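>>> Give me a model of this one.
(one chain, ligands or ions: 4)
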Amino acid sequence: MFNLPRLLLHSVAMAGNTGAPLLLRLVAASVSVAEKAGTIVRDVFNSGELGVVEKGGKNDLQTQADRSAQECIVQSLSRQFPKVTIIGEEEPTDEVVDESHLETGLSEEVLKAVCPQDLQAVKDEDVVVWVDPLDGTKEYTEGFLDHVTVLIGVAVNGKAVAGVINQPYYNYKAGPGATLGRTMWGIVGLGAFGVERLVPPADKRIVTTTRSHSNKLVTESIEAMQPDEVLRVGGAGHKVLLVIEGKAHAYVFATPGCKKWDTCAPEAILHALGGKLTDIHGNALQYHRDVKHPNTGGVLATYSDHDWYLGRMPESVKAAVKP
Ligand SMILES: Nc1ncnc2c1ncn2[C@@H]1O[C@H](COP(=O)(O)O)[C@@H](OP(=O)(O)O)[C@H]1O
Ligand SMILES: [Mg+2]
Ligand SMILES: [Mg+2]
Ligand SMILES: [Mg+2]
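Ligands and ions are numbered 1, 2, ... in the order given. As a prediction, this is how the structure comes out:
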């Protein structure tokens, strides 16, 4: 009897797991927040009021889902981690924060993981969180719903080390019995969870690239890879998932339009599973807080034969797409 209050106190402290390394707490919060953002993305679509705004022409759109999911992610994380730098795709609005969009949960699965040794002492000031509240906006507005992902990437000292991806419409074509949506997370040096590496067909070469942001450089570079099949789909997160899950051998995007928030989370999960994401020259991407946002050197993501794709990249394309 006498010991009970102390025991209770102890178990409350354990649930909050305040002793877990910052990186694990950040990823644990990001998993819960990405799930919440995924429900917002579905709720806005179901409401039928997409609130589309053109940011930079008809292929660079923003919807109410981009705005509300960004609010959910940035507000939820910045309240829990006030000293961490968080950079989101969308401009903050001066509207009053909708408290119903906030999420304070921590994924128990993540908190139970063992943080890789080299990331155990990461401090707030070492971290930049890159947020793409809705990747594949153009496709979202056109009803290609499985192309959409919510991306939260964690960079430490300029390198992508952890990522969370929520795919709100995963399984949406699988019928009413299927569970809609999934969340994947990974930490370099630990592995990735909620997604499995599958090997693509060995007898052909499948390349994935943009559906809605193509141009001459994109077309020339894809042709140079001599693909048997080209998957033109939306979303950087979605295309990296196609590479991870063996639906494509490579994601080739030889033009500058993709930004740091598009690549940070997918890169970390791909690297955690043994794949590779670089610019089209083979350089690692940088994610420190002062970096320019566009990936001006383009994007190449593969599981194997990375050097083969780099080697086939036309010189004219390389000259036009500089890091
Ligand atoms: N020319 C361009 N202008 C603006 N954004 C571009 C772009 N090319 C690529 N992107 C961005 O990169 C992401 C992946 O592009 P794609 O789906 O065409 O492969 C998209 O993210 P968002 O949907 O989050 O804006 C998209 O907007
Ligand atoms: Mg956008
Ligand atoms: Mg994006
Ligand atoms: Mg976006």
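>>> Return the residues of the stretch 51-200 of the chain in contact with ligand 4.
The stretch 51-200 of the chain has residues 89, 132, 134-135 near ligand 4, with proximity defined as Cβ under 5 Å from the ion. To be clear about C-beta, it is placed using only N, CA and C from the backbone, and glycine gets the same treatment.
>>> List the ones among those that fall in strands.
132, 134-135 (DSSP state E).
>>> and the nearest residue to L77 once chain neighbours are set aside, how many residues sit next to it?
Spatial nearest neighbour of L77, chain neighbours left out: I86 (5.7 Å); criterion: Cβ to Cβ, 6 or more residues apart in numbering. A total of 18 residues lie near I86 under the criterion other Cβ atoms under 10 Å.
>>> which element follows the strand or helix carrying I86 toward the C-terminus?
Using DSSP states H and E, I86 maps to strand 85-88. Sequence-wise, the next helix or strand downstream of strand 85-88 (DSSP H and E) is helix 108-111.
>>> May I see the buried residues of that following helix?
Going by neighbour count (16 or more other Cβ atoms under 10 Å), the buried part of helix 108-111 is 110-111.
>>> helices or strands up against it?
Using 3 or more Cβ pairs under 8 Å, 6 or more residues apart in numbering; DSSP states H and E as the contact test, the elements touching helix 108-111 are helix 22-47.
>>> Pull out the C-alpha coordinates of whichever helix or strand V154 is part of and format them as PDB.
Assigned by DSSP H and E, V154 belongs to strand 149-156. Extracted in PDB, the C-alpha atoms of strand 149-156 (Å, rounded to 0.1, in the frame of the first residue of the first chain):
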ATOM      1  CA  THR A 149       2.400  11.100 -49.000                       C
ATOM      2  CA  VAL A 150       3.100  13.100 -45.900                       C
ATOM      3  CA  LEU A 151       6.900  13.500 -45.400                       C
ATOM      4  CA  ILE A 152       8.800  14.400 -42.200                       C
ATOM      5  CA  GLY A 153      12.600  14.100 -42.600                       C
ATOM      6  CA  VAL A 154      15.100  14.600 -39.800                       C
ATOM      7  CA  ALA A 155      18.600  15.900 -40.700                       C
ATOM      8  CA  VAL A 156      21.500  15.900 -38.300                       C
END
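>>> Mind listing the strands that strand pairs with, and their directions?
Counting by DSSP bridges, the strands paired with strand 149-156 are strand 127-135 (antiparallel), strand 159-167 (antiparallel).
>>> Report the mean per-residue pLDDT for the last one.
Here the mean pLDDT over strand 159-167 is 99, rounded to a whole number.
>>> That one near ligand 3 at all?
No - judged by Cβ under 5 Å from the ion, strand 159-167 stays clear of ligand 3, getting no closer than 11.5 Å.
>>> Backbone dihedrals for Q75, please?
Main-chain dihedrals, Q75, degrees, to the nearest 10: phi -70, psi -40.
>>> Compute the number of surrounding residues for the closest residue to it other than its chain neighbours.
Distances taken as Cβ to Cβ, 6+ apart place V97 nearest to Q75, at 5.4 Å, with adjacent residues excluded. Applying other Cβ under 10 Å, we find 14 residues neighbouring V97.
>>> do I165 as well
Around I165 there are 32 residues (other Cβ under 10 Å).
>>> Specify the beta-bridge partners of it.
Here I165, judged by DSSP bridges, has bridge partners L151, M184.
>>> so it sits right up against H238, yeah?
No - counting by Cβ atoms under 8 Å, I165 does not reach H238; the two are 9.1 Å apart.
>>> And the pLDDT for T179?
89.
>>> quick one, what contacts it?
For T179, the contact set (Cβ atoms under 8 Å, 6 or more residues apart in numbering) comprises N171.
>>> And for D146?
167, 169-170, 172-173, 238 are the contacts of D146 under Cβ under 8 Å, 6+ apart.
>>> hang on, the earlier thing: shared neighbours, I165 and H238?
With Cβ under 8 Å, 6+ apart, I165 and H238 have common neighbours T149.
>>> Please enumerate the strands of the stretch 201-323 of the chain.
Taking DSSP state E, counting those that start in this stretch, the strands of the stretch 201-323 of the chain run over residues 206-210, 229-233, 250-253, 276-278, 299-302.
>>> List the neighbouring strands of the shortest one plus their orientation.
Sheet pairing of strand 276-278 (DSSP bridges) gives strand 299-302 (antiparallel).
>>> What's the mean pLDDT across the strand it pairs with?
On average, strand 299-302 scores 99.
>>> Distance from it to the middle of the chain?
14 Å (Cα atoms, centre = their mean, to the nearest Å).
>>> Repeat that for stretch 154-174.
On Cα atoms, centre = their mean, the centre of stretch 154-174 falls 4 Å from the chain's centre.
>>> Any residue of it touching ligand 1?
No - applying Cβ under 6 Å from any ligand atom, one finds stretch 154-174 separated from ligand 1 by no less than 12.6 Å.
>>> follow-up on the earlier one: which one of the contacts of D146 has the most neighbours?
Going by other Cβ under 10 Å, Q167 tops the contacts of D146 with 29 neighbours.
>>> Fine by me, we can end here.
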